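*Asks:* Below are the sequence and a predicted model; questions follow.
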Amino acid sequence: MPKALVVDDSKAIRIILSEMLQNLGYVVSSAANGRLAAEALACIPDAEIPELSLVDWNMPDMNGIEFVRHVRSNSRYDHMRLVMVTTETHPEQMKTALSAGANEYIMKPFTEEMIREKLQLIGALGNLGEPE
């Protein structure tokens, strides 16, 4: 099963996104900020690195943009798709996230269908989450 990492300082959002990703066939881990997520990734064997990470922008210690830049600076994570999931709605912020290396951008509030559509768009869904 594919792996996903949810990075958000809101416990409620971590739970909601984790459940949505589990419904789509992912094994999900989570972290409360970018620093904790980066530390967790550093300890994971290459074969266990998540294929996907959903990342909030506004977090303490290391925000989402810093996390995206950190991940994109290390070729070990080249295969990881990064989706910014945030309340930041200004087009300039979307441009900043995509320029930093995010594959896609979702504005809160979101629905499971929005998550599914974005994951399909970036090829992170494949046959996952398809009705049987």
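*Replies:* Yep, that arrived.
*Asks:* His70 - nearest residue in space that isn't next to it in sequence?
*Replies:* Excluding the flanking residues, the one nearest His70 by Cβ to Cβ, 6 or more residues apart in numbering is Ala38, at 5.3 Å. C-beta coordinates here come from the backbone N, C-alpha and C atoms, glycine included.
*Asks:* ok, and for the helix or strand containing the one you found, which residues are buried?
*Replies:* For Ala38, the host element (DSSP states H and E) is helix 34-43. By 16 or more other Cβ atoms under 10 Å, the buried positions in helix 34-43 come out as Gly34, Arg35, Leu36, Ala37, Ala38, Leu41.
*Asks:* one step back: quick check: the residue nearest to His70 touching Gly64?
*Replies:* No - Ala38 lies out of contact with Gly64 (Cβ atoms under 8 Å); the separation is 11.6 Å.
*Asks:* Quickly list what's touching both of these two.
*Replies:* Common contacts of Ala38 and Gly64 (Cβ atoms under 8 Å, 6 or more residues apart in numbering): none found.
*Asks:* can you give me the strands for this structure?
*Replies:* Using DSSP state E, the strands of the chain run over 3-7, 27-31, 52-55, 81-86, 104-107.
*Asks:* Who does the third one pair with, and is each partner parallel or antiparallel?
*Replies:* Under the criterion DSSP bridges, strand 52-55 sits next to strand 3-7 (parallel), strand 81-86 (parallel) in its sheet.
*Asks:* For the first one, C-alpha coordinates in CSV please.
*Replies:* It stands for strand 3-7. Only the C-alpha atoms of strand 3-7 are listed here, as CSV (Å, rounded to 0.1, in the frame of the first residue of the first chain):
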residue,chain,number,x,y,z
LYS,A,3,2.3,5.8,2.1
ALA,A,4,1.3,9.4,2.8
LEU,A,5,2.4,12.0,5.3
VAL,A,6,0.0,14.6,6.7
VAL,A,7,1.8,17.7,8.1
